[in-house]
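Trainee: one predicted model, sequence on top.
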Amino acid sequence: MSHFMDSEPERISEPPTTSDDSILEVRSLHVQFGKQHVLREINLTIPRGETVVIIGESGCGKTVLMKSLIGLVRPTAGQVLFDQQELIHLSEHDLTKQRTRFGFVFQMAALFDSMTIGQNVGFPLREHTKKTPQEVQEIVIERLREVGLPASIVHKKPAELSGGMRKRVGLARALAMDPEVMLYDEPTTGLDPIMSDVINELILRSRREHQGLTSIIVTHDMHTTLKVADRVIMLYPLTRLEEDEPQILYDGPPDGLETCEDRRVRQFVTGEAGERLMELANEQPPGQ
């Protein structure tokens, strides 16, 4: 696979930080499902071109926050603005149109099993553009090349590919529409360390080759976090917070994680389970 890792990726430093250049804004966001509160008083401004990694233990609301950014989860209270437009006020037609400006890399690639690889990558182009079959084919080949896959796989089915190759096909499909924002949901889950790093390199490469691309990544993988992030946001489960405690425990550069004053952040980064094991031991089973 070294044929597409021909040079060391250049990190893009000093992303824009002014609110005037923000592409996404979250204002006092609350999300509740029935009686279960998942997100509380979340405030974020994400500038264009920034790579933001959202970390936190299972159940803290990372994926719910990501889905809120594209209107797949409606806020119980608060606002989500994309390019200065509040998503909740858009019609379904306009919301669908705005979503074409996003690329979404799903956790398990989420390819259509009945379609070929070429049909999978070209799917958003066929659905949302008026490009000719020849134009679609050319873009499919280019996007596959971009993620290090040969044109010869276009006629294969997803079941014929390895897990790592399927992940890269998912990335190629997400890039097909030349999005302004890329969303990655656990992009390295289920992959071995080498293939995980291939995905990390491709995240960096996508950013270099698509100027101004904003990336938002949900992950547990600290190697990914430290390698690709300009900014790290750590969420904490509401069930383990006091009412007056903020749900965002950390919002800053990746090199500040290990020295953060909040021990819960340091414990997550280093994978220390001591205090969490004590908490679990003291939890009452349901119905007790």
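Mentor: Right, received. Where do you want to start? Given the structure is predicted, the values throughout are model-derived calculations rather than measurements.
Trainee: so what strands line up beside the helix or strand containing residue 38?
Mentor: Element membership for residue 38 (DSSP states H and E) is strand 36-47. Looking at strand 36-47 with DSSP bridges, its partner strands are strand 22-33 (antiparallel).
Trainee: now the partner strand - C-alpha only, CSV.
Mentor: C-alpha atoms of strand 22-33 as CSV (Å, rounded to 0.1, in the frame of the first residue of the first chain):
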residue,chain,number,x,y,z
SER,A,22,-17.2,29.6,11.1
ILE,A,23,-18.9,26.9,9.1
LEU,A,24,-20.7,25.3,12.1
GLU,A,25,-22.0,26.8,15.3
VAL,A,26,-23.7,25.0,18.2
ARG,A,27,-25.5,27.2,20.7
SER,A,28,-26.8,25.9,24.0
LEU,A,29,-27.6,22.5,22.5
HIS,A,30,-29.7,20.1,24.5
VAL,A,31,-30.7,16.6,23.2
GLN,A,32,-33.1,14.4,25.2
PHE,A,33,-34.7,11.1,24.2
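Trainee: how far off centre is it?
Mentor: 16 Å (C-alpha atoms, centre = their mean, to the nearest Å).
Trainee: show me where pLDDT drops low in the protein?
Mentor: Residue ranges of the chain with pLDDT under 70: 1-20, 108-109, 273-288.
Trainee: what about the longest helix along it, distance to the chain center?
Mentor: When the chain is parsed with DSSP state H, its longest helix is helix 193-209. Remark: helix 193-209 is offset 13 Å from the chain centroid, using C-alpha atoms, centre = their mean.
Trainee: what are the buried residues along the strand holding residue 38?
Mentor: Neighbour-count burial for strand 36-47 flags 38-40, 42, 44-47 (criterion: 16 or more other C-beta atoms under 10 Å). (Glycine included, C-beta is placed from N, CA and C.)
Trainee: same check, this time on stretch 112-128
Mentor: 116-125.
Trainee: residue contacts, the spatially closest residue to residue 203 that is not a sequence neighbour?
Mentor: In space, residue 203 comes closest to residue 228 once its chain neighbours are excluded; the distance is 5.1 Å by C-beta to C-beta, 6 or more residues apart in numbering. Taking C-beta atoms under 8 Å, 6 or more residues apart in numbering, we find residue 228 in contact with 51, 53, 200, 203-204, 215, 217.
Trainee: kindly report the same for residue 238.
Mentor: 37-40, 61, 247.
Trainee: try 6 Å this time
Mentor: With contacts taken as C-beta atoms under 6 Å, 6 or more residues apart in numbering, residue 238 has the following neighbours: 37, 40.
Trainee: quick check: which element contains residue 54?
Mentor: strand 51-55.
Trainee: what angle sits between the helix or strand just after that strand and strand 22-33?
Mentor: Following strand 51-55 in sequence order, the next helix or strand is helix 62-69 (DSSP H and E). Interaxial angle of helix 62-69 relative to strand 22-33 (axes from the mean of the first three to the mean of the last three C-alpha atoms, to 10 degrees): 120 degrees.
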